[in-house]
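K.L.:
here are the coordinates; sequence isn't available:
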């Protein structure tokens, strides 16, 4: 055992920090944290798991039954890993192994056929490290460059795959900037506020598409729909953007 861990449940979600965004009332991400917690309250009764180290740090894994996961992935009886993160001083202490093994064993005990996760063909910002996961038996089961769907299977049932619509990663809308997003990530709220500020300053049109229901998320035309930015109809990035990063992507001085 490399530490003490706990699961965020309905009885402690209001009191526990979310690891990825440890934000106080005056912090710029606080509103995003509140939205994430409300989203968690709707998902925890559906066997959504958020397991973390009982410390003030970014050490956690978060996963959900694929049927209820807000991602355009087709499949059944798998768990989908939203986030898997160990950072800073907590690296190289066995926490990644501990958390991943917990998710694997928990999925087996619940009779799941396996786990799946979105990674990059090469290491991409804000995505799990595919090479690390492959050491534990995960394999590539579908691709939509630059993304991959990795899965570890416990039986011979049908493996998950990206929806055909999402694999195209295209939209028929030439609005200047279009953003698809969910409430799954607490950083997104502030990203949108900063992007909106730039768009207002530069007279750039902005359309926000909130995937606030499971149906919308499953039918979205983008792979990483928790935050996907399009510019003039072309996919720009899945990276979480502040004002500076957004200006760089658009080459605004």
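P.N.:
Nice, I can see it. Since we're looking at a predicted model, the values are computed, not measured. Residues are numbered from 1 along each chain as shown.

K.L.:
tell me how this structure divides into domains.
P.N.:
5-163, 166-250 (automatic domain parsing).

K.L.:
and the ones you listed as TSV, adding mean pLDDT and mean neighbour count?
P.N.:
Quick note: C-beta positions are derived from backbone N, CA and C, even for glycine. Conversion of the domains of the chain to TSV gives the following (pLDDT from 0 to 100; neighbours: other C-beta atoms under 10 Å):
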stretch	mean pLDDT	mean neighbour count
domain 5-163	91	17
domain 166-250	93	17
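
K.L.:
tell me where the protein has helices.
P.N.:
30-43, 95-109, 130-134, 164-168, 188-202, 214-218, 243-250 (DSSP state H).

K.L.:
turn the ones you listed into a markdown table, including distance to residue 82.
P.N.:
What follows is the helices of the chain, written out as a markdown table (distance: least, C-beta to C-beta, whole Å):
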| stretch | distance to residue 82 |
| --- | --- |
| helix 30-43 | 10 |
| helix 95-109 | 11 |
| helix 130-134 | 14 |
| helix 164-168 | 16 |
| helix 188-202 | 13 |
| helix 214-218 | 12 |
| helix 243-250 | 22 |
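
K.L.:
longest strand in the chain, by residue count?
P.N.:
In the chain, ranked by residue count with DSSP state E as the criterion, the top strand is strand 78-86.

K.L.:
how about residues contacting it?
P.N.:
By C-beta atoms under 8 Å, 6 or more residues apart in numbering, the surrounding residues in contact with strand 78-86 are 19-20, 49, 58-66, 69, 71, 73, 95-96, 99-100, 103, 107, 110, 112-117, 128, 151, 159-160, 184-185, 226.

K.L.:
repeat that with 7 Å
P.N.:
20, 58-66, 69, 71, 73, 95-96, 99-100, 103, 107, 112-117, 128, 151, 160, 184 (C-beta atoms under 7 Å, 6 or more residues apart in numbering).
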